[in-house]
Structure formats: C-alpha cells, structure tokens
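>>> Predicted structure and sequence below. I'll ask about it afterward.
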Amino acid sequence: GDSVTQTEGLVTLTKGLPVMLNCTYQTTYSPFLFWYVQHLNEAPKLLLKSSTDNKRTEHQGFYATLHKSSSSFHLQKSSVQLSDSALYFCALNNYAQGLTFGLGTRVSVFP
Amino acid sequence: EAAVTQSPRNKVTVTGGNVTLSCRQTNSHNYMYWYRQDTGHGLRLIHYSYGAGNLQIGDVPDGYKATRTTQEDFFLLLELASPSQTSLYFCASGDRDSDYTFGSGTRLLVI
C-alpha cells in the first residue's frame, strides 16, 4: 500500500536559518502530495500541495517540488520564523482511501 | 463558511464505556474520514465513507465502529472503550477536486 516517510522527527534551529524537511513516498497511483502544518492544540492545515512533476509550489514562504523520479516532496524555507514552530506532516492522497500521512516532523525555532 | 465540526472537544470515559464521537461537515464533500493522532504514529486512518450509508475500513479499525447517517454526519463509536484508545481524534472531509478540511479534534481519555 501507500506509504510516506519523513526522516526527521525533530528539527531545532535558530530564527533566520533555512530549513528542509524530507519527505519520500511510495504509491502505485499517480502521486498527489501535500504538506500540512499543525500548531499546538490546532487541527492540521494545508500548507502546500502538488501533483505536477518538477514544478515548484510555494505558500507562506515555504516551497516544495514534487520529483517523481526520486519519489520526493521535500519542504523548504529560506528563513524560519518563531511562528514556524509546529508539527509538519507530509501526506499522499489516494482519493479512494484518504490521506496517508508520514509520522511528522516537529520544528522548534529559537530566538 | 464551509467547515467540519466535531463534538465533544474533550471526553473522559471509563474502561468498557460507550463513546460516540460526532462529526458534521458543511463542505458538500462525498468523502469523510476518521483519524487518530498519537505521538510517534502520526495520523492514522480508522474508518472512512464516501456517502450516506457507506462505510470503509481504514488502517487501524479494531475496536471502532462508524456510521454515516447523512451526507453531512459521520459518527465514530467505541462500544467497549480501552485505555489504548486514549488519543486525539480528527474528522476530515474531502473530494477528488477539493482540499481536505479537518475538524478541531476530540481529545479522548479512557481511564
């Protein structure tokens, strides 16, 4: 079945530094990938999505490119802010069965 | 505004107790999902439905029943609650051509 792998459980960094969160996936279907962000005591919210190979998608300073050749959809930001501290989930959509989530990466940004 | 509303927000029950979690969506989506979120496991799919009267089994269905009574309403039932079901539960709705919307979550404690 479908699977999503996020290799970092926790990322800690200082405000203003760049960040990259890894996401790789496995599916037999045409992939539709998502990044969700979940702040403390809130529901997951959509950050980015893409089904187009090799096209960069951006939102709120975050960006990601779906690479079907390497089954990857890494999330990046050039300069993190304190408000970026949150839990980030990569997810793969099989519309018949909903989203398959990775385990999540917690990002903690310090002043 | 389209939304997904869950109730209750918090619930405490005893082992062996009977619990019903409710979810209502006003997005006119066909698909609705129940997930549980646990540290170290991400979000895992319990049950889902693609319309009133339909029910599909997710990845972690043991100990849970669900019922989709209308297009809008999807219920998760724990008939003999166990401490292992202590978790944060999210309901979501979605469709092929729309984004997923998550409810605010129900925090369940089984003592």
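Arrived safely, thanks for sending. The structure presented is a predicted model; accordingly, all values stated were derived computationally and were not measured.
>>> Which positions in chain B make contact with chain A?
For chain B, the residues in contact with chain A (CB under 8 Å from any CB of the partner chain) are B:31, B:33, B:35, B:40-45, B:48, B:50, B:56, B:58, B:90, B:92, B:94-96, B:99-100, B:102-105. (Each C-beta comes from the backbone N, C-alpha and C, glycine too.)
>>> burial measure for B:Leu78, as a count.
By other CB atoms under 10 Å in any protein chain shown, 20 other residues sit near B:Leu78.
>>> Return the alpha-carbon coordinates of the helix or strand bottoming out on mean pLDDT in chain B using PDB.
Of all regular secondary-structure elements in chain B, judged by mean pLDDT, DSSP states H and E, the least confident is strand B:98-102 with a mean of 85. Extracted in PDB, the C-alpha atoms of strand B:98-102 (Å, rounded to 0.1, in the frame of the first residue of the first chain):
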ATOM      1  CA  SER B  98     -11.000  19.800  -3.400                       C
ATOM      2  CA  ASP B  99      -8.800  20.100  -0.400                       C
ATOM      3  CA  TYR B 100      -9.300  18.200   2.800                       C
ATOM      4  CA  THR B 101     -10.800  20.000   5.700                       C
ATOM      5  CA  PHE B 102     -10.100  18.900   9.300                       C
END
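>>> can you pull the buried residues of the very next helix or strand once past it?
If you walk from strand B:98-102 toward the C-terminus, the next helix or strand you reach (DSSP states H and E) is strand B:106-110. For strand B:106-110, the buried set under the neighbour-count rule, 16 or more other CB atoms under 10 Å in any protein chain shown, comprises B:106, B:108, B:110.
>>> before we move on, the earlier item: please pick the buried ones from the residues of chain B next to chain A.
Under a neighbour-count criterion of 16+ other CB under 10 Å, the subset of these counted as buried comprises B:31, B:33, B:35, B:42-45, B:48, B:50, B:56, B:58, B:90, B:92, B:94, B:100, B:102-103, B:105.
>>> what's the distance between the residue nearest the centre of chain B and B:Val60?
Per CA atoms, centre = their mean, the C-alpha nearest to the average position across chain B is that of B:Trp34, at 3.1 Å. For B:Trp34, the distance to B:Val60 equals 10 Å [CB to CB, to the nearest Å].
>>> Now the common contact residues for these two.
Residues touching both B:Trp34 and B:Val60 (CB atoms under 8 Å, 6 or more residues apart in numbering or on different chains): B:45-46.
>>> which residues are in contact with the lowest-mean-pLDDT helix or strand in chain A?
Least confident element among the helices and strands of chain A, by mean pLDDT, DSSP H and E: strand A:98-101 (a mean of 87). Taking contacts as CB under 8 Å, 6+ apart, the residues outside strand A:98-101 that touch it are A:1-4, A:34, A:36, A:89-94, B:31, B:33, B:35, B:42-45, B:48, B:58, B:92, B:94, B:100.
>>> Can I get that strand in CSV? Just the C-alpha atoms.
Listed next in CSV are the C-alpha coordinates belonging to strand A:98-101 (Å, rounded to 0.1, in the frame of the first residue of the first chain):
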residue,chain,number,x,y,z
GLY,A,98,-7.9,9.4,2.0
LEU,A,99,-4.6,10.8,3.0
THR,A,100,-1.7,8.7,4.1
PHE,A,101,0.5,10.6,6.5
